[in-house]
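sequence? don't have it. structure:
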């Protein structure tokens, strides 16, 4: 039981925390979970990795580093089943969010979880340096370890959007918060020379690095950040970057 149980109790109190811990840990199949401050219950697939995402976001609070001001536009790249977007929507009522998730089952559940938030748009898509179609290099691995590349002609593929393209198409001048949990694709995003198009217009980032199965992610990020002035901290698995000018 250990630290996870104590985290539930600290977050939700003894009775609700113990109940949530037991339900989410031991119940299989679809689970409806009610939390304080949410417009509707969220859904979780019991016995799946959904619980790890729930723990990261709603128990450990790994996206709760406060934004210095009122964000208007958030991109959640690697939205999974929508929990981070849900937490952002709860923290910043009315904020416009684009949640991007390539897996169809995850995206469908994200849409269900975010249905009560009309300012959130879910895209079933990947993220890449430019608009294209992507293929999975290692389809026999676990979904969290998938690596992607641009697809060859006539092979199974899915669409990808670019961060710069999403910003250009939006009604906003900047990305206030960018969450990147893209299973190693951050290496390509930061290594591409065009990254400064969106990085230079992003105020705050949460980046989960994946060097453990795709070496070079951190090095690519550090090289890209050298041209920008961000204050950084670590919050759980995320590197948090806040533009220094915003803090002043």
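Noted; the coordinates are in hand. Keep in mind that this is a model prediction, so the values were computed, not measured.

any residues touching the top helix by length along the chain, and which ones?
Counting residues, the longest helix found in the chain (DSSP state H) is helix 14-26. With contact meaning CB atoms under 8 Å, 6 or more residues apart in numbering, helix 14-26 is reached by 1, 4-5, 8-12, 31, 33, 44, 46, 51, 54. C-beta here means a position set from N, CA and C on the backbone, and glycine is covered the same way.

just stretch 36-51 next, same as before
With contacts defined as CB under 8 Å, 6+ apart, stretch 36-51 is touched by 12, 24-35, 54, 80-83, 86, 90, 109, 112-113, 115-117, 143-144.

Now, of those residues, which are buried?
Taking 16 or more other CB atoms under 10 Å as the criterion, what is buried in these is 12, 24, 31, 33, 35, 54, 80-83, 86, 90, 109, 112-113, 117.

which ones among those are found in strands?
Among the buried ones among the contacts of stretch 36-51, the ones falling in strands (DSSP state E) are 31, 33.

Can you list the buried residues in the longest helix of the chain?
17, 20, 21, 24.

is it possible to export those residues to a markdown table including distance to residue 236?
Output for these, formatted as a markdown table (distance: CB to CB, whole Å):
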| residue | distance to residue 236 |
| --- | --- |
| 17 | 19 |
| 20 | 19 |
| 21 | 18 |
| 24 | 18 |
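
Going by distance to residue 215, which of those residues wins?
Residue 215 has its nearest neighbour among those in residue 24, at 33.5 Å by CB to CB.

Who are the packing partners of the lowest-mean-pLDDT helix or strand in the chain?
When the helices and strands of the chain are compared on mean pLDDT, DSSP states H and E, strand 148-150 comes out lowest with a mean of 84. Applying 3 or more CB pairs under 8 Å, 6 or more residues apart in numbering; DSSP states H and E, we find strand 148-150 packed against strand 126-128, strand 132-136.

Switch these over to TSV; also include mean pLDDT and mean neighbour count.
Formatted as TSV, those follow (pLDDT from 0 to 100; neighbours: other CB atoms under 10 Å):
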stretch	mean pLDDT	mean neighbour count
strand 126-128	94	24
strand 132-136	89	17
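
which outside residues touch the least confident helix or strand of the chain?
126, 128, 132, 133, 134, 135, 136, 137, 160, 183, 185.

let's go with 10 Å and repeat that
Applying CB atoms under 10 Å, 6 or more residues apart in numbering, the contact partners of strand 148-150 are 102, 126-130, 132-138, 157-158, 160, 182-185, 188.

So which bits of the strand or helix carrying residue 220 are buried?
Here residue 220, judged by DSSP states H and E, is contained in helix 217-225. For helix 217-225, burial by neighbour count (16+ other CB under 10 Å) applies to 217, 218, 220, 221, 224, 225.

pretty sure the fourth one is touching residue 192, no?
No. Using CB atoms under 10 Å, residue 221 is not in contact with residue 192, being 12.0 Å away.

after the least confident helix or strand of the chain comes which helix or strand?
strand 158-162.

which helices and strands does that following strand pack with?
strand 96-100, strand 126-128, strand 132-136, strand 148-150 (3 or more CB pairs under 10 Å, 6 or more residues apart in numbering; DSSP states H and E).

Can you add distance to residue 201 and give those back as JSON lines?
JSON lines is the format used below for these (distance: least, CB to CB, whole Å):
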{"stretch": "strand 96-100", "distance to residue 201": "15"}
{"stretch": "strand 126-128", "distance to residue 201": "16"}
{"stretch": "strand 132-136", "distance to residue 201": "22"}
{"stretch": "strand 148-150", "distance to residue 201": "25"}
